[in-house]
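*Asks:* no sequence on this one, just coordinates:
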């Protein structure tokens, strides 16, 4: 059922709750980044204060990312079956608690344990959002509106690196305590702002006739549906594998950007924070353009836009690597251009997976692609840290370009994928 099929007063109420859900979940997911991407700004100070190596820091990033990927997948399966409001608030509160503990720690082993736990709780953030958005947004509008929602990634990551770029002067521990307080306040707001599905506020569900939402599936029926729509779907597999390469590029910049810019380009931590924020801010524009173009020119076929975006991201990363000692404005411009391009695929992989799997299995499909995406921290975290430590940043960035090329080629395999899976339930 599209909005135009509703009575005017019902459509008006639905539109209100749709907008409220998008905005509230955007703010909530941005706050997950406040208690996740704060580590990148703290890392240089932690190296100096505690003598932690790049290999150790890279291992934190990798273990966190791997557990996050597994959590996102496992919680995606759960997230399709439970109340999104309760699930999201719980995850944010527990992530904030882990950050508070991290700030009080000093032992490397304790850092690793707490950051791994944070990785698991972080995986409780996106699955409820996927459930919310696919229940409140019609499939023909999902790429455009979910791209708007997806700016929460960049808003959260961009704001936290700017904020922590200044408060790190108070000591690296404050990079964990202050964002945690902000996240806890936000969790209270989420509790009051969110509701689960249209039915929970007395509104009709979207696509009732095609998705079978009017009855509750048994566990066996749901598992059979997931096997068909997710695990037995070649398009989902291609998107998942390509997501590994998208996230390798994205997290290489987010996690190592401040360190890379300081050591390789001699840029201060405050300026580096603003430059990484420029990568994120440009990404906001990029994902909005990618989502709009997907619905406007490509009939909802996100993988086709991913091919174009990934190819252009490769070009801009190559220019950033190839220009020796660029002035700050040029380095910022090239990083921003790469961010503009890489965030198109970052947003569209999840959107395409959710649409292809339909709203009944959206969180599972997004979690599955996320499992591959966060497995990328083996390369972007630990691998890149070791490569930079032993061979320098030139080799590390050169390897990143090869990763981007491979991602472009894999996206090509999904060029012919359907826009959504509602027509063959």
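*Replies:* Structure's in. What do you need? Just so you know, these numbers come straight off a predicted model, no measurement behind them.

*Asks:* so which strand or helix has the residue nearest to residue 395 when sequence neighbours are not counted?
*Replies:* If the residues on either side of it in the chain are set aside, residue 395 comes closest to residue 387, at 5.7 Å by CB to CB, 6 or more residues apart in numbering. All C-beta spots, glycine's among them, are computed from the backbone N, C-alpha and C. Following DSSP states H and E, one finds residue 387 within helix 384-391.

*Asks:* For that helix, which helices and strands make contact with it?
*Replies:* Judged by 3 or more CB pairs under 8 Å, 6 or more residues apart in numbering; DSSP states H and E, helix 384-391 is in contact with helix 54-79, helix 234-265, helix 393-412.

*Asks:* Out of those, which is closest to residue 306?
*Replies:* helix 393-412 (4.5 Å; CB to CB).

*Asks:* what sits up against the closest one?
*Replies:* Outside helix 393-412, the residues that touch it by CB atoms under 8 Å, 6 or more residues apart in numbering are 238, 241-242, 244-246, 248-249, 252, 256, 260, 263-264, 303, 306-307, 310-311, 313-314, 317-318, 320-321, 345, 379, 384, 387-388.

*Asks:* again with stretch 268-281
*Replies:* Contact with stretch 268-281 is made by 40-41, 44, 153-155, 157-159, 161-162, 164-166, 168, 253-254, 257-258, 261-262, 267, 328, 331-332, 335-336, 338-339, as judged by CB under 8 Å, 6+ apart.

*Asks:* thinking again about what came up before, adding mean neighbour count, write the helices and strands packed on helix 384-391 out as a markdown table.
*Replies:* Conversion of the helices and strands packed on helix 384-391 to a markdown table gives the following (neighbours: other CB atoms under 10 Å):
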| stretch | mean neighbour count |
| --- | --- |
| helix 54-79 | 23 |
| helix 234-265 | 23 |
| helix 393-412 | 19 |
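
*Asks:* Ok, which of those helices comes nearest residue 146?
*Replies:* Of the helices and strands packed on helix 384-391, the one closest to residue 146 (CB to CB) turns out to be helix 234-265, at 14.6 Å.

*Asks:* gap between the residue nearest to residue 395 and residue 249?
*Replies:* Separation of residue 387 from residue 249 (CB to CB, to the nearest Å): 15 Å.

*Asks:* Columns distance to residue 24 on top of the helices and strands packed on helix 384-391, output as TSV?
*Replies:* Formatted as TSV, the helices and strands packed on helix 384-391 follow (distance: least, CB to CB, whole Å):
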stretch	distance to residue 24
helix 54-79	17
helix 234-265	24
helix 393-412	32
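
*Asks:* So, low pLDDT: which residues of the protein?
*Replies:* Counting by pLDDT under 70, the ranges of the chain that qualify are 1-5, 207-218, 265, 423-425.

*Asks:* List the buried residues of the strand or helix carrying residue 175.
*Replies:* Using DSSP H and E, residue 175 maps to helix 174-193. Residues 174-180, 182-184, 186-187, 190-191, 193 are the ones in helix 174-193 that count as buried (16 or more other CB atoms under 10 Å).

*Asks:* Next, the angle from the helix or strand hosting residue 283 to helix 234-265.
*Replies:* Per DSSP H and E, residue 283 falls inside helix 269-297. Helix 269-297 runs at 150 degrees relative to helix 234-265, counting by axes from the mean of the first three to the mean of the last three CA atoms, to 10 degrees.

*Asks:* could you measure residue 86 against residue 191, distance?
*Replies:* Taking CB to CB, one finds residue 86 at 9 Å from residue 191.

*Asks:* what sits against residue 182?
*Replies:* Taking CB under 8 Å, 6+ apart, we find residue 182 in contact with 31, 34.

*Asks:* check contacts around the residue most central in space within the chain.
*Replies:* Note on the chain: the residue nearest the mean C-alpha position is residue 153, at 5.6 Å, using CA atoms, centre = their mean. Neighbouring residues of residue 153 by CB under 8 Å, 6+ apart: 29, 30, 33, 280, 283, 343, 346, 347.

*Asks:* Could you export those residues as CSV, including secondary structure, distance to residue 409 and neighbour count?
*Replies:* Below are the contacts of residue 153 laid out as CSV (DSSP: H, G, I helix; E, B strand; the rest coil; distance: CB to CB, whole Å; neighbours: other CB atoms under 10 Å):
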residue, secondary structure, distance to residue 409, neighbour count
29, helix, 30, 23
30, helix, 32, 21
33, helix, 30, 25
280, helix, 26, 29
283, helix, 22, 30
343, helix, 20, 30
346, helix, 18, 25
347, helix, 20, 32
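
*Asks:* Pick the one among those residues closest to residue 139.
*Replies:* residue 347 (15.8 Å).

*Asks:* Perfect, that will be all.
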